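[1] Fold the following for me, if possible:
(one chain, ligands or ions: 1)
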Amino acid sequence: MKDTFCDGDISGVIVRRLARHEDPRGWLCEVFRRDEIAPEHLPAMAYVSLTHPGVARGPHAHRDQTDLFGFVGPGTFRVRLWDAREGSPSRGARMEILAGEEAPTVVIVPPGVVHGYRNVGEGPGLVFNCPNRLYAGEGRREPVDEIRYEDDPDSPFPL
Ligand SMILES: Cc1cn([C@H]2C[C@H](O)[C@@H](COP(=O)(O)OP(=O)(O)O[C@H]3O[C@H](C)C(=O)[C@H](O)[C@H]3O)O2)c(=O)[nH]c1=O
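    The predicted structure follows:
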């Protein structure tokens with residue numbers, strides 16, 4: 001397992017800062033559009049999770065799934081990604097992104113890229129994900145496509 005990483009862009013990771021359309025009622029952000037997203041990234045489902053202040057989710061990786069994370073608030077997250085993929089042109093690269101209420105952002109994470117995020121705000125934070133694969137497959141009949149590192153005391157992926 002690769003265990004030394006340097007700051008740098010990770011091949012295939014897309015970070016899209018969202019335009020927030022504000023008016024006296026509040027704001028609106030487009031999250032994704034079929035005419036602006038690669039067909040292979042089109043979502044198969046969506047979920048939303050709430051994370052308490054100071055708490056992290058991940059680091060995880062997927063063998064086949066691409067994640068499309070949306071950080072639009074409430075809350076602020078420190079997102080970290082690592083490229084440990086054999087043969088990747090950016091193997092050894094790591095990225096850190098601050099995202100959430102003040103910086104609405106979509107992060108597209110290709111298969112094999114290790115990723116996770118920590119709520120670095122003062123209150124609970126919401127994140128949604130629109131992955132391109134169904135969780136546990138059709139009818140939830142398949143093994144979950146997920147490699148979890150959070151319980152590895154020697155994990156080279158600190159959140
Ligand atoms: C993702 C998912 C989870 N679940 C259930 C399974 C567990 O009973 C509970 C919590 O799931 P998990 O511990 O996997 O949640 P996280 O640790 O936040 O992981 C998620 O966020 C990290 C950053 C990831 O990258 C994973 O893709 C994603 O699983 O929700 C479902 O029922 N459907 C789903 O689509």
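
[2] how about the residues of this structure near the ligand?
    Residues of the chain lying close to the ligand by CB under 6 Å from any ligand atom are Y47, S49, R57, G58, H60, D67, H115, G116, Y135, E146. Where you see a C-beta, it was placed from the backbone N, CA and C, and this is true even at glycine.

[3] Among those, which pair sits farthest apart?
    G116 and Y135 (17.2 Å; CB to CB).

[4] Comparing the two, which residue is more hemmed in?
    Higher neighbour count among G116 and Y135: G116, with 23 against 15, using other CB atoms under 10 Å.

[5] Quick one: residues contacting that one.
    Shown in contact with G116 (CB atoms under 8 Å, 6 or more residues apart in numbering): A56, R57, G58, P59, H60, V79, R80, E150, F157, L159.

[6] Which of these are buried, as a PyMOL select command?
    Per 16 or more other CB atoms under 10 Å, the buried members of the contacts of G116 correspond to this PyMOL selection:
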select buried, resi 56+57+58+59+60+79+80+157+159
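
[7] Which members of the contacts of G116 occur in strands, if any?
    Judged by DSSP state E, strands contain the following of the contacts of G116: A56, R57, G58, P59, H60, V79, R80.

[8] Take the residues of the chain next to the ligand and lay them out in JSON lines including pLDDT and distance to G73.
    Listed next are those as JSON lines, based on pLDDT from 0 to 100; distance: CB to CB, whole Å:
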{"residue": "Y47", "pLDDT": "98", "distance to G73": "17"}
{"residue": "S49", "pLDDT": "98", "distance to G73": "14"}
{"residue": "R57", "pLDDT": "98", "distance to G73": "16"}
{"residue": "G58", "pLDDT": "97", "distance to G73": "19"}
{"residue": "H60", "pLDDT": "97", "distance to G73": "22"}
{"residue": "D67", "pLDDT": "98", "distance to G73": "19"}
{"residue": "H115", "pLDDT": "98", "distance to G73": "19"}
{"residue": "G116", "pLDDT": "98", "distance to G73": "19"}
{"residue": "Y135", "pLDDT": "98", "distance to G73": "24"}
{"residue": "E146", "pLDDT": "97", "distance to G73": "26"}
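
[9] Tell me who's in contact with the residue in the chain that the ligand sits nearest to.
    Closest approach between the chain and the ligand, counting by CB to the nearest ligand atom: Y135, at 3.2 Å. By CB under 8 Å, 6+ apart, the contact set of Y135 is M45, Y47, V144.
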